[in-house]
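Participant: give the three-dimensional model of this entry:
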Amino acid sequence: MTVTQPDVSVVIGAYEAMPYLVECLASVEAQTIDPERIEVIAVDDGSTDGSGEYLEEFAARVAMPVTVIRQDNSGGPSGPRNVGLGKAAGRYVFFLDADDRLGPEALERMVAMADRNGTDVVLGKVEGINRKPPQSMWGKTLDRTDVYSSNIKFTLSAQKLFRRELLEQHGMRFDESLWTGEDALFTMEAYLRANGVSVLADYTCYYLVGRDDGKHVTKSGGYTLRFDSARALMNLIAELVPAGERRDALMHRPFLITLLPQFGPKFLKDSEQVRQHKLELAKPLMEEFWTEGVAGRLKVEERLRLHLVAEQQPELLLPVVEFVKAKKQAAALLEKKGHHVYLVYPHFREAKAGIPDSVYLAAPREARAFHGYREHSAGSVLKRAVRKARRVLKARSGAGRTAAAA
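Facilitator: I've put the predicted structure just below:
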């Protein structure tokens, strides 16, 4: 009997997943792809709520091959995913969380997308149920893109289709030392190593479910874990991408999504000891990875907060955070005939604070919201260059006449 390789291995890590696991597995059983083309590898991570028993009942009942592995609790999602990945035989692997579910045509469409375009990662559109998933990458379907040419860096969850050959070639596994952000590290590495990424935006492939009991893993963990996650992702980016514009474009993500929230409204409620500890944890990251290129990709208030973190100035940071929390609109100051828009957040041009004007200078995408702003066009830049060249030539010509007269 010839055993054919499955197209896709669905890896499910389950811990105390009832009753959500029932709908999760029902969505796998309802897939339109031929059952013989998929395999399910489910890892019960020490559940005590009947999740393991339900997985075994499912395996005994359905047409598709299902492997159930039961183990002691590992403490996080990385362990079960790695165990499942180690057992996977499919050409592709899809990581499905036990409290979420798939759209009926998800696997069929994603496998077809990868096969048609030869891409190593496929992102299927995500919708939230009692949760709000990232939105900016679902504008349109993209047969082939990369992490620099799209917004995919803002979705680094593991719920993607990965070509298993890519993962094995680079020995990729989830980092079990991280308690949060482990999927961001794995997915970013896959993006960077992939021979192309596809985005399937015209069909909902994945339903991200917010648990009523509040036990979803992303909601747990203290602030120190966020800094661990930021550090790991920044180190990975620095390792795989040379310094410059491309690295800055990717570093923008951990600074904005992971680091900055630690210095948002919650910072006002932190004790003095916690505030100081956060600044200490941020200091080496700011020293190593904070650049003008990263700063220039942020909004003014985001840049200002991180500038003050980099300068280790909590006494200046607190009024800025209070201003942001109050959701006040900073006044706009237009200079240079409307070509420069400065946003007047706290400490602007205060001699004692000594914050450079450049920190308050709005980038074009932010400045366009203000009446009177005049954006520099390629034509205006060229005109200025021509005028400057004429002045130089005129000055040289005048100097030549003066020398001849002498």
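Participant: how about low-confidence regions in the protein?
Facilitator: Counting by pLDDT under 70, the chain has low-confidence residues at 1-3, 213-221, 377-389, 392, 395-406.
Participant: which residues sit in contact with residue 109?
Facilitator: For residue 109, the contact set (C-beta atoms under 8 Å, 6 or more residues apart in numbering) comprises 124, 200, 203, 205. Quick note: C-beta positions are derived from backbone N, CA and C, even for glycine.
Participant: okay, among these, which ones form the most distant pair?
Facilitator: Greatest spacing in the contacts of residue 109, by C-beta to C-beta: 124 and 203 (7.2 Å).
Participant: return every residue with contacts to both of those two.
Facilitator: Common contact partners of residue 124 and residue 203 (C-beta under 8 Å, 6+ apart): 103, 106, 109.
Participant: out of these, which comes closest to residue 138?
Facilitator: Nearest to residue 138 among the shared contacts of residue 124 and residue 203: residue 103, at 13.4 Å, using C-beta to C-beta.
Participant: what's the neighbour count on that closest one?
Facilitator: As a burial measure, residue 103 scores 20 neighbours (other C-beta atoms under 10 Å).
Participant: circling back: of residue 124 and residue 203, which one has the most company?
Facilitator: The neighbour count for residue 124 versus residue 203, taken as other C-beta under 10 Å, is higher for residue 124 (25 against 14).
Participant: check which helix or strand covers the more buried one.
Facilitator: strand 121-129 (DSSP states H and E).
Participant: what is that strand packed up against?
Facilitator: Secondary-structure packing of strand 121-129 (3 or more C-beta pairs under 8 Å, 6 or more residues apart in numbering; DSSP states H and E): helix 106-117, strand 161-163, helix 182-193, strand 197-209.
Participant: elements contacting the last one?
Facilitator: Strand 197-209 is packed against strand 101-102, helix 106-117, strand 121-129, strand 142-145, with contacts defined by 3+ C-beta pairs under 8 Å, 6+ apart.
Participant: buried residues, the third one. List them.
Facilitator: When neighbours are counted by 16 or more other C-beta atoms under 10 Å, the buried residues of strand 121-129 are found to be 121, 122, 123, 124, 125, 126.
Participant: tell me what angle it forms with helix 106-117.
Facilitator: Computed by axes from the mean of the first three to the mean of the last three C-alpha atoms, to 10 degrees, the angle separating strand 121-129 from helix 106-117 equals 150 degrees.
Participant: adjacent strands (with direction) for strand 121-129?
Facilitator: In the sheet, strand 121-129 lines up against strand 161-163 (antiparallel), strand 197-209 (parallel) (DSSP bridges).
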